[in-house]
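Undergrad: turn this into a structure:
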Amino acid sequence: MFDVLIVGAGMVGASLACALGDKNCAANHSLKVGIIEANDNFGLGEFTSDGRASAIAYGSTQIWENIGVWQGMQRRGVTPMHIIQVSEGDLPYPVQLRREDMGQEALGYIVENAVTLAALWEFARECQNLELICPAKILEIAYGSDRDVMRVKVSSDIGDQYLETKLLVGADGGRSQVRAMAKMEISERHYEQTCIVTTIQSENSHQNFAYERFQSSGPFAILPLGNDRACVVWTATKEETPTLLALDEVAFLQELTRRFGAPLMAKLGKIKVISSDRANYVPRWMHSQTYIQPRLALIGDAAHTTHPIAGQGMNLGIRDVNALAKVLKAAHQNHEDLGAIAVLKRYESKRKWDNLGVIWLTDISNRLFSNHNWFFKVLRRLGLLILQISPLKRILMYFMMGLHQI
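TA: Prediction:
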């Protein structure tokens, strides 16, 4: 019998497990937490670097630091963003967001996903109240006879078995099985765009600059990694995507260089693509109409997905983790039923409007900047110019850094 059973051991699910973890495991004070994961790499603790990385807001690093996992990530290597430069097409007046503006050591960090997972699971293995059930997948979920538990049928190497928990948490991504099995309705829309992700190495150091350049096809982000590497997230239209993916290495690099623009190329010098393939995905706007049911809660991409513009997706998930962990710990201390709807409503009320606000803002921003309409072109350029000279920049940075949710 578990107090909390988490489905999905990725970065969000593992963060929740660590937030509920207890290395001392004092008798009768710790929650019994289980984590179900289909990928057996998690059971082996093997996380090979594949070039994928996430933009982590400063506020999210503070949440991880409070949990106790951030130092493990720093030890393995994270890259701070000191300046984020935002530009629009060929407009010669970019907006620079600087760490000095907020008096912080960094605006955020670029962290390779393998680094995040390795640090989380190093911590999790030291928590005596956590149990990893891996490789395994859920087959069905149902309430117990008195609705006092959730019964989860799981298939694993030892065969099918039933697990019982006071609370089931879906942290299993945008195509969440938990959400589907619970018949929780969603609102969604697919963008007529594709995000192509690749890693480059430059002749000169990036000097901890991150770039977000808006083009008619969509945002083009260059995120610093290490000293001379960068993760490129290139948003292409649906029409041009097949051509870009089919280009040979030389032609692809030429097009990539052209999209960078002359000023940036002068800073970085010669570049070369070092990732083995061109990962790509179609961004999706999705929001679950509810995050909770009795004995069930959704977090991260299982509850909401957003366009990668401004890199807010992972940070929303980490803020979900922070809110749910605080609610569950308080309820446990007060001897409340963790799966009671009254308890879970506290979590949903803390997160729903922040999540909705961000996914709507990213949607509007993408639509405003990803088109050829002359009116919107004038509007967005005017907006960037105003941003440079007004206190709105500090307000924008405050929310982008996630400081409102620490």
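
Undergrad: the longest strand along the chain pairs with which strands?
TA: What stands out as the longest strand in the chain, according to DSSP state E, is strand 159-170. Counting by DSSP bridges, the strands paired with strand 159-170 are strand 2-7 (parallel), strand 150-156 (antiparallel), strand 296-298 (parallel).

Undergrad: in JSON lines, list these along with distance to residue 187 and mean neighbour count.
TA: C-beta coordinates here come from the backbone N, C-alpha and C atoms, glycine included. Formatted as JSON lines, these follow (distance: least, C-beta to C-beta, whole Å; neighbours: other C-beta atoms under 10 Å):
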{"stretch": "strand 2-7", "distance to residue 187": "22", "mean neighbour count": "25"}
{"stretch": "strand 150-156", "distance to residue 187": "25", "mean neighbour count": "18"}
{"stretch": "strand 296-298", "distance to residue 187": "14", "mean neighbour count": "27"}
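
Undergrad: among those strands, which is nearest residue 352?
TA: Each of the strands paired with strand 159-170 was scored for nearness to residue 352 using C-beta to C-beta, and the closest is strand 296-298 (10.9 Å).

Undergrad: surely residue 195 meets residue 283?
TA: Yes. The pair residue 195 / residue 283 is scored as a contact, 5.7 Å apart, by C-beta atoms under 8 Å.

Undergrad: overlap of the contact sets of those two?
TA: Common neighbours of residue 195 and residue 283, counting by C-beta atoms under 8 Å, 6 or more residues apart in numbering, are 235, 308.

Undergrad: quick one: the strands paired with strand 159-170 as CSV, columns for distance to residue 381 and mean pLDDT too.
TA: Shown next, in CSV, are the strands paired with strand 159-170 (distance: least, C-beta to C-beta, whole Å; pLDDT from 0 to 100):
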stretch, distance to residue 381, mean pLDDT
strand 2-7, 45, 98
strand 150-156, 52, 95
strand 296-298, 39, 98
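
Undergrad: could these go into a markdown table alongside distance to residue 108?
TA: Below are the strands paired with strand 159-170 laid out as a markdown table (distance: least, C-beta to C-beta, whole Å):
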| stretch | distance to residue 108 |
| --- | --- |
| strand 2-7 | 26 |
| strand 150-156 | 36 |
| strand 296-298 | 25 |
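
Undergrad: any idea which of those gets closest to residue 212?
TA: strand 296-298 (28.9 Å).

Undergrad: now the element after that closest one, going C-ward?
TA: strand 304-305 (DSSP states H and E).

Undergrad: tell me what the next helix or strand after that next one is packed against?
TA: Proceeding N to C from strand 304-305, the next assigned helix or strand is helix 313-333, under DSSP H and E. Here helix 313-333 touches helix 11-19, strand 53-57, helix 58-67, helix 341-369, going by 3 or more C-beta pairs under 8 Å, 6 or more residues apart in numbering; DSSP states H and E.
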